[in-house]
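1. from the sequence below, what's the structure:
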Amino acid sequence: MTIDEELSQLEDSVRRLKIEYDIYFGGGSKKPPADLEWRVQSLVKKHSDGHRMNFAQRFRYNSIAQRYALFSDLWRQKMKIKEEGYRRPQDALLGVQGVRTAEERAAEDALEGQQPAGDAKPFTVHCSDAEAEHDKVQSLFEAMVQARKAAGDAGAASANFDSFKAFVKKKTDQIRKEYGCHAVEYSVELEGGQVRLKAKAKTT
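-> Predicted coordinates for the structure are as follows:
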């Protein structure tokens, strides 16, 4: 299974875990989804170092892991209320539903504009000739598109590679001429919740 496939599996598992916890706290299940949560925790831990991921994959992983961590805290709070805070079942249900309504809304608000963890390094490539280094430009384009999709940019799907390549060629020629450098370093970075493509002269 590829990293992208495992990330899709993790994303789906977190979504299903939330649904199963909602059912449990709503009284539709007698036991919390411990097995599924263990599988989610295992996948989160497996990819926590991110050493095999590119920028877009790390961005996606961090988004999923942050979502899981946030909801996990909520589930722990609701579990405490369910087990310790109330004496009558109907009180527990009302209390749990109240926590869910207020805090999950806050959780969703907190997820807006979320950024990857600080150890997620930008995706970078060095380019001196956009025509000759087609693979580098292609990988830069794919990282840019994937990062924009992960950031929730609705226009990412309509990005055009030929236009992007023409831009990189023009920018590379411009910077090489202006700074007299051999290559240009391009990086895909996140600033204020927005994905940015940065270019600078590679002097060494």
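2. only C-alpha atoms from now on, for both contacts and neighbour counts.
-> Will do.
3. could you pull out the strands for this structure?
-> 123-127, 183-191, 194-202 (DSSP state E).
4. domain-wise, how is this structure divided?
-> The chain breaks down by automatic domain parsing into domains covering 3-111, 123-202.
5. now R16: how far from A34?
-> To A34, R16 is 12 Å away according to C-alpha to C-alpha, to the nearest Å.
6. neighbour-wise, which of the two wins?
-> R16 (15 against 11; other C-alpha atoms under 10 Å).
7. hey, which helix is longest across the chain?
-> Counting residues, the longest helix found in the chain (DSSP state H) is helix 55-80.
8. just to revisit the earlier point, export the domains of the chain to TSV and tack on mean pLDDT?
-> What follows is the domains of the chain, written out as TSV (pLDDT from 0 to 100):
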stretch	mean pLDDT
domain 3-111	76
domain 123-202	87
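9. ok so, going back, the longest helix of the chain - contacts with which helices or strands?
-> helix 3-25, helix 89-111, helix 134-150 (3 or more C-alpha pairs under 8 Å, 6 or more residues apart in numbering; DSSP states H and E).
10. repeat that for 10 Å
-> Identification of packing neighbours for helix 55-80 by 3 or more C-alpha pairs under 10 Å, 6 or more residues apart in numbering; DSSP states H and E yields helix 3-25, helix 34-46, helix 89-111, strand 123-127, helix 134-150, strand 183-191.
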